[in-house]
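Trainee: Whatever this is, show me its structure:
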Amino acid sequence: MIKFFRRIRFDLMEKNKTVKYFKYAIGEILLVVIGIIIALQINNWNEDRKEKLKEEEILSYAIENLRSDSLSLVNIIDNANAMLQVQNDLISLSQGKMEESEMTNLNAIRKSEPNQIITKKNNLDLPNKVRSQTLKKSILAYFLRTDGLEFTITNYNELIEQKVRPFLGQKKLLNYGVDLSTRGLFNSNLINTARFFLEFKNEEIQQILFESSVKLHIIKNNAERMLGENAALITLITNYLDK
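Mentor: All right, here's what the predicted structure looks like:
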């Protein structure tokens with residue numbers, strides 16, 4: 001093809017056809033320009049395709065993390081409900097509406113809440129890797145909700161570790177030497193119920209446990225809101241990938 005154009009150019013120069021030669025030269029330049037534009041468009045299309053495939057891979061991984069978050073959030077809500085039930089039973093006990101023998105799962109008052117929300121931890125830069133502004137805003141909102149939940153969980157765990165557990169130890173309310181190997185940590189009778197119920201009549205432990213119940217309610221409410229946002233974000237990402 002190049003030899004063909006060179007032959008035409010040589011013939012025009014040989015025959016001294018200047019005007020035709022300039023027309024030919026302009027045409028050749030235009031062909032080169034068009035070729036460059038087409039090459040750039042193909043390159044841009046390839047780059048765009050690569051970016052889209054990379055974005056799809058990142059978002060698919062994020063969906064897996066979000067689904068894991070969903071299970072963790074359900075677990076957080078269930079744990080909060082179980083621990084709040086114990087707190088409510090203790091209130092009923094203090095009001096004479098319940099007998100000591102009816103109390104179960106006292107171990108829950110010393111249980112902390114593990115933080116297993118992973119989407120933000122594993123996809124910290126995710127908002128900057130998506131092209132949709134709507135999706136970006138939704139991810140940022142979910143990350144903000146994550147921060148709020150983690151903050152309340154941290155506050156609750158600090159209360160359990162710095163006040164509840166030390167109080168139980170200092171007042172000798174634990175069953176020292178209980179066998180933890182057969183039934184597991186939270187299925188064993190860690191708390192000496194007889195000593196605990198005597199101590200529970202004092203205001204100090206009631207105040208500590210009331211504070212923990214307040215924080216549990218906050219955790220539960222935040223987790224329930226986040227669970228709804230989690231489902232909405234999974235749907236939004238799925239629809240975006242299906243387009």
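Trainee: Quick one: find the helix or strand in this structure with the lowest mean pLDDT.
Mentor: helix 2-14 (a mean of 52; mean pLDDT, DSSP states H and E).
Trainee: residue nearest the centroid of this structure?
Mentor: residue 119 (2.9 Å; Cα atoms, centre = their mean).
Trainee: residues in contact with the closest residue to it other than its chain neighbours?
Mentor: In space, and not counting its chain neighbours, residue 119 is closest to residue 65: 4.2 Å by Cβ to Cβ, 6 or more residues apart in numbering. C-beta coordinates here come from the backbone N, C-alpha and C atoms, glycine included. Contacts of residue 65 were listed using Cβ atoms under 8 Å, 6 or more residues apart in numbering, and they are 118, 119, 122, 123.
Trainee: And residue 64, by the same measure?
Mentor: By Cβ under 8 Å, 6+ apart, residue 64 has no neighbours at all.
Trainee: what element comes up after the strand or helix carrying it heading to the C-terminus?
Mentor: Per DSSP states H and E, residue 64 falls inside helix 18-94. Helices and strands here follow DSSP H and E; after helix 18-94, the next one along the chain is helix 119-122.
Trainee: Can you list the neighbours in contact with that following helix?
Mentor: Outside of helix 119-122, the residues within contact range by Cβ under 8 Å, 6+ apart are 61, 62, 65, 66, 68, 69, 126, 142, 143, 146, 147.
Trainee: rerun that using 10 Å as the cut-off
Mentor: With Cβ atoms under 10 Å, 6 or more residues apart in numbering as the test, helix 119-122 has contacts from 61-70, 72, 115, 126, 139, 142-147, 150, 230, 233.
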